[in-house]
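Novice: my questions are about this predicted structure, shown below with the sequence.
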Amino acid sequence: MAADHELSAHLHVEYLDLSPRVMRWKKHSWDLYWYYAAWQRALGRVARKLHAAHGFDVTHHVSFANDWMPCGLRRLSDVPLVWGPVGGASAPPVRRLARWLGVRGTVTEVVRATFTGIVRQFVGDRVARRAALIVCQNDQVASHFRRRSSSVVVEPNAALEDLPARAARIIPYRAVFAGRLIALKGASLAIDAIARTDEWTLQIYGRGYEEQRLRTRAARLQVSERVEFLGHRPRAEVLAAIAEAQAFLFPSMRDQAGWVVAEASSMGCPVVCLPLGGPPALAGTNGHVASLDGDIVQNIVDALDDARVVGGAPTDRWATSRLPGLVRTWYQSALSTGAPR
């Protein structure tokens, strides 16, 4: 703001945090959830004071893109609320995918879906009914909230710039996977697909608790020489690898809006994914979506071959330059809808 006088003339920041007495209890990663709920409650009180002083036309919740936790701005009952982009309501068919999720992943997904589903019913759905416009991360989330509101749009929160160009020389039959090595990301499915082929190789970027299980799986399927684990690497290095790969293989089972898919598609790298969560929307015209019907692994192999034949084309669909016009349209829509009683 100090460097941009036009911005500082239009943007006013009100810092908010909880008291030091409360902050002392925030010690672990999971403390984020109770802290966030308490923070949103405090936000409601501050927002009402600011509204009394300034008289807001629109409120917009952009913090923590989550559709099942509280939204303090709903306390301003006489101001139209734009909620999102939010996500979370999309969930994988756990029984269908259990063999790739493993025991830990299956238990995690069942517990998560049960807990967040109950909380969403009493918290997120109430926010949805209050919102003048709900911006959803993907089609699965939109499907959930269209049953509760008529004002729903789909727009993942990806915002990209300064990406490398597609490599002049594409490495034939090279696929890249990038993401945390946790069960829901689907790296086990990617390895199984590579094992069904004779030509494809796979580079895996990332670390996580699944790494040893994935290495063991690759060894058991006798593809260790064609599956390379490269660990956590600088973003520029990962983007360069995607730029020269024939396909970006990302069979994630629950990503709401995985930006790496938008990065791959923006560079013109074909994306192979499942029809779950945000990847199909972020891949767009460069997407090759493998069906969950029948033999899932073979469906991924077929999608890889389609990606190799069809190729991809660079796109500016997720450029940051789209945001001013997009947000202006949201606010106009919210103003025309008004604040629901």
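Specialist: Cool, the structure landed.
Novice: only C-alpha atoms from now on, for both contacts and neighbour counts.
Specialist: OK.
Novice: now the top helix by length along the chain: average pLDDT?
Specialist: In the chain, taking DSSP state H as the definition, the longest helix is helix 94-122. On average, the pLDDT along helix 94-122 is 92.
Novice: and if you look at stretch 172-182?
Specialist: For stretch 172-182, the mean pLDDT works out to 96.
Novice: can I get the CA coordinates of that stretch in PDB?
Specialist: Provided in PDB are the C-alpha atoms of stretch 172-182 (Å, rounded to 0.1, in the frame of the first residue of the first chain):
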ATOM      1  CA  PRO A 172       7.400 -38.600 -24.900                       C
ATOM      2  CA  TYR A 173       5.500 -40.700 -22.500                       C
ATOM      3  CA  ARG A 174       6.600 -38.600 -19.500                       C
ATOM      4  CA  ALA A 175       3.900 -37.900 -16.800                       C
ATOM      5  CA  VAL A 176       4.400 -35.600 -13.800                       C
ATOM      6  CA  PHE A 177       2.500 -35.700 -10.400                       C
ATOM      7  CA  ALA A 178       2.900 -32.900  -7.900                       C
ATOM      8  CA  GLY A 179       1.300 -32.700  -4.500                       C
ATOM      9  CA  ARG A 180       1.500 -33.800  -0.900                       C
ATOM     10  CA  LEU A 181       2.000 -37.500  -0.600                       C
ATOM     11  CA  ILE A 182      -1.200 -38.200   1.300                       C
END
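Novice: and the contacts of it?
Specialist: 105, 185, 187, 190, 199-211, 238, 241-242, 245-250, 260, 308 (C-alpha atoms under 8 Å, 6 or more residues apart in numbering).
Novice: which positions within the following helix or strand past the longest helix of the chain qualify as buried?
Specialist: Per DSSP states H and E, helix 94-122 leads on to helix 124-130 as the next helix or strand towards the C-terminus. The neighbour-count check on helix 124-130 (16 or more other C-alpha atoms under 10 Å) flags 124, 125, 126, 127, 128, 129, 130 as buried.
Novice: report pLDDT for the last one.
Specialist: According to the per-residue confidence, residue 130 scores 91 in pLDDT.
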